[in-house]
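Asker: sequence and predicted structure below; questions after.
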Amino acid sequence: MSTRSYVSCCNIRAAFSAAMSAMYRAEVPAYGTLMEIVAKVNAETLAADPALKHRLEETDSLERVSEERHGAIRLGTAAELALMRRVFAVMGMFPVGYYDLSEAGVPVHSTAFRPVGDAALKRNPFRIFTSLLRLDLIADEELRAEAEAILQKRQIFTAGAIELTEKAERQGGLDDDDAKRFVAEVLETFRWHDQANVGLAMYKRLHDAHRLIADVVSFKGPHINHLTPRTLDIDEVQRLMPGYGIAPKAVVEGPPSRRCAILLRQTSFKALEEAVSFRDASSNWQEGTHTARFGEIESRGIALTPKGRALYDKLLTVSRKVIRPAADGSNATAYEEALADAFAPFPDSWADIREQGLGYFRFSLTEKGKSATASAESSVDQLVENSLVCFDPIIYEDFLPVSAAGIFQSNLGDEAAQEFTASPNQQRFERDLGTPVLNEFDHYADIEAKSIAECRARLTAAQAAE
Ligand code: OOG
Ligand code: NI
């Protein structure tokens with residue numbers, strides 16, 4: 001059967017991302033405000049930095065910036081995770097990376113569902129940080145069993161979403177009408193429910209065990225808990241937020257502000273306290289509240305190689321030995337200074353980062369290179385030295401566990417900080433998921449290698465044609 005009439009999974013993802021954004025904007029108006037600040041700052045940054053605008057245009061990434069966002073959900077069971085994987089696959093989103101957050105006092109482990117490959121990322125890089133609750137880390141066995149029983153009973157997908165996912169798997173895609181229905185049906189899973197699945201007493205018990213457990217177990221589905229637009233100047237957005245009535249978290253997570261941005265920097269505003277009705281065993285409704293949904297912004301820099309990442313992790317640890325950011329912001333300036341000091345050894349020019357093998361780059365022919373030839377034996381260094389190729393940073397598309405923990409903590413409240421024994425269990429996660437997660441380093445290395453191969457092919461083809 002022909003597959004020509006199917007909508008590409010990239011287009012389904014783009015439609016879904018837009019639908020999610022519209023829904024969240026209606027549900028959490030502060031997210032809309034944040035989007036406005038980000039749009040304004042991005043436009044100003046580009047106007048003030050024509051070179052940046054030019055590089056973004058040249059690498060085909062200008063358009064994606066304003067469309068770009070990530071979100072996060074928390075799931076309760078292995079079955080939910082496995083089905084979520086199939087649903088995301090219809091949109092061309094695949095599990096990349098494994099994040100163990102138990103170490104940071106959050107009883108979940110996670111992956112990011114995201115597009116893979118250069119073309120798909122350029123079309124729409126929407127990604128969802130997806131966590132699976134780890135009831136095995138909860139000491140109270142009775143509560144654990146009750147939570148499991150509650151989770152077993154819920155169905156987080158509509159019948160339509162399941163039917164269309166199966167159909168897409170069966171036929172290898174969805175036609176236009178089905179794709180539209182798919183987006184609408186899947187959106188339901190991420191919607192906020194102001195009526196809880198449990199009574200107030202149970203909610204409190206779950207909440208006392210850990211706020212995150214209450215957030216997952218008490219509700220009908222995994223409400224999207226934040227959506228995060230990408231900004232080109234996170235410090236500026238952070239500075240502007242209070243003027244728009246939004247209180248940002250104390251410090252920006254991740255690396256310090258630098259000329260050459262590395263990895264990922266993030267900041268968020270505190271979760272809202274929202275009214276929720278709880279239904280007890282005799283079907284009486286009781287009023288209560290729940291805090292879960294917040295807003296976040298991110299700025300993305302270069303993806304680091306394992307060597308670069310090891311240096312990043314080391315320097316972050318060094319900074320945290322000097323000072324840890326206090327939740328109330330009282331030491332924010334001292335923290336920023338200590339962080340900047342700690343990162344002094346990390347080179348801050350693209351040339352140095354490349355020469356030292358710390359980051360991944362996309363290579364392309366320079367104007368000179370477009371009309372030149374080179375032998376197939378020339379090394380990348382030689383091609384660079386002879387100005388035949390230039391290189392742009394490959395953007396980091398993933399997440400950072402220490403930062404993610406900081407984001408979790410800031411919206412859970414500090415009293416939620418708890419000690420768990422670090423117990424990464426990637427095997428268990430992958431078994432629940434039904435597939436291994438992709439290794440993010442392999443993926444970046446592959447994009448880099450392909451760009452080099454393409455330059456070589458064109459330089460040597462030109463030579464052959466001579
Ligand atoms: C996810 C927190 C992680 C990020 O940007 O690092 C995250 C959550 O709170 O569920 O989204
Ligand atoms: Ni986030």
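Answerer: It's in. Ligands and ions are numbered 1, 2, ... in the order given.

Asker: low-confidence ranges in this protein?
Answerer: 1-4, 412-422, 462-466 (pLDDT under 70).

Asker: packing partners for the top helix by length along the chain?
Answerer: Ranked by residue count, the top helix of the chain under DSSP state H comes out as helix 440-465. Packing contacts for helix 440-465, counted by 3 or more Cβ pairs under 8 Å, 6 or more residues apart in numbering; DSSP states H and E, involve strand 94-100, strand 361-365, helix 367-370, helix 380-385. Every residue, glycine included, has its C-beta placed from N, CA and C.

Asker: show me what the first one is packed against.
Answerer: Packing contacts for strand 94-100, counted by 3+ Cβ pairs under 8 Å, 6+ apart, involve helix 78-90, strand 108-114, helix 401-412, helix 426-433, helix 440-465.

Asker: tell me the most buried of these?
Answerer: strand 108-114 (a mean of 25; mean count of other Cβ atoms under 10 Å).

Asker: wait, is F278 part of a strand?
Answerer: Yes - membership of F278 in a strand is supported by DSSP: H, G, I helix; E, B strand; the rest coil.

Asker: near the closest residue to it other than its chain neighbours, how many other residues are there?
Answerer: Closest residue in space to F278, ignoring its immediate chain neighbours: L200 at 4.1 Å, by Cβ to Cβ, 6 or more residues apart in numbering. Using other Cβ atoms under 10 Å, L200 is surrounded by 20 other residues.

Asker: for L200, give me its contacts.
Answerer: 278, 280, 286, 288 (Cβ atoms under 8 Å, 6 or more residues apart in numbering).

Asker: run the last query once more with 6 Å
Answerer: 278, 286, 288 (Cβ atoms under 6 Å, 6 or more residues apart in numbering).

Asker: D392 too?
Answerer: So D392 contacts 55, 59, 362 (Cβ under 6 Å, 6+ apart).

Asker: give the burial count for the second one, as a bare number.
Answerer: Under the neighbour criterion other Cβ under 10 Å, T59 is assigned a count of 16.

Asker: now swap in the last one and tell me
Answerer: By the other Cβ under 10 Å criterion, the neighbourhood of R362 contains 21 residues.

Asker: returning to that earlier point: which of the contacts of L200 has the most neighbours?
Answerer: F278 (21 neighbours).

Asker: distance of it from A196?
Answerer: Going from F278 to A196 by Cβ to Cβ, to the nearest Å gives 5 Å.

Asker: give me every residue in the stretch 201-350 of the chain lying close to ligand 2.
Answerer: 228, 296 (Cβ under 5 Å from the ion).

Asker: where do the strands sit along the stretch 201-350 of the chain?
Answerer: Secondary structure of the stretch 201-350 of the chain by DSSP state E, counting those that start in this stretch: the strands cover 226-229, 264-269, 273-279, 285-291, 295-300.

Asker: which of the ones you listed sits closest to Y6?
Answerer: The minimum distance between Y6 and the strands of the stretch 201-350 of the chain falls on strand 226-229, with 27.3 Å, by Cβ to Cβ.

Asker: so what touches stretch 302-314?
Answerer: In contact with stretch 302-314 (Cβ under 6 Å, 6+ apart) are residues 262, 357-360, 393-394, 396, 441, 444.

Asker: put the alpha carbons of that stretch into CSV.
Answerer: What follows is stretch 302-314, C-alpha atoms only, in CSV (Å, rounded to 0.1, in the frame of the first residue of the first chain):
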residue,chain,number,x,y,z
ILE,A,302,26.8,23.2,22.4
ALA,A,303,26.6,19.5,23.0
LEU,A,304,29.7,18.3,24.8
THR,A,305,31.7,15.1,24.1
PRO,A,306,32.2,12.7,26.9
LYS,A,307,35.5,14.5,27.6
GLY,A,308,33.7,17.9,27.7
ARG,A,309,30.9,16.5,29.8
ALA,A,310,33.3,15.1,32.3
LEU,A,311,34.9,18.5,32.6
TYR,A,312,31.5,20.1,33.0
ASP,A,313,30.5,17.7,35.8
LYS,A,314,33.9,18.1,37.5
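
Asker: buried set for that stretch?
Answerer: 302-305, 308-309, 311-312 (16 or more other Cβ atoms under 10 Å).

Asker: about what we covered before: so which of the helices and strands packed on strand 94-100 gets nearest ligand 2?
Answerer: Ligand 2 lies closest to helix 401-412 among the helices and strands packed on strand 94-100, at 5.5 Å (Cβ to the ion).

Asker: show me what the closest one is packed up against.
Answerer: Using 3 or more Cβ pairs under 6 Å, 6 or more residues apart in numbering; DSSP states H and E, no helix or strand is in contact with helix 401-412.

Asker: who wins for proximity to P29 among the strands of the stretch 201-350 of the chain?
Answerer: The nearest among the strands of the stretch 201-350 of the chain, by Cβ to Cβ, is strand 295-300 at 10.0 Å.
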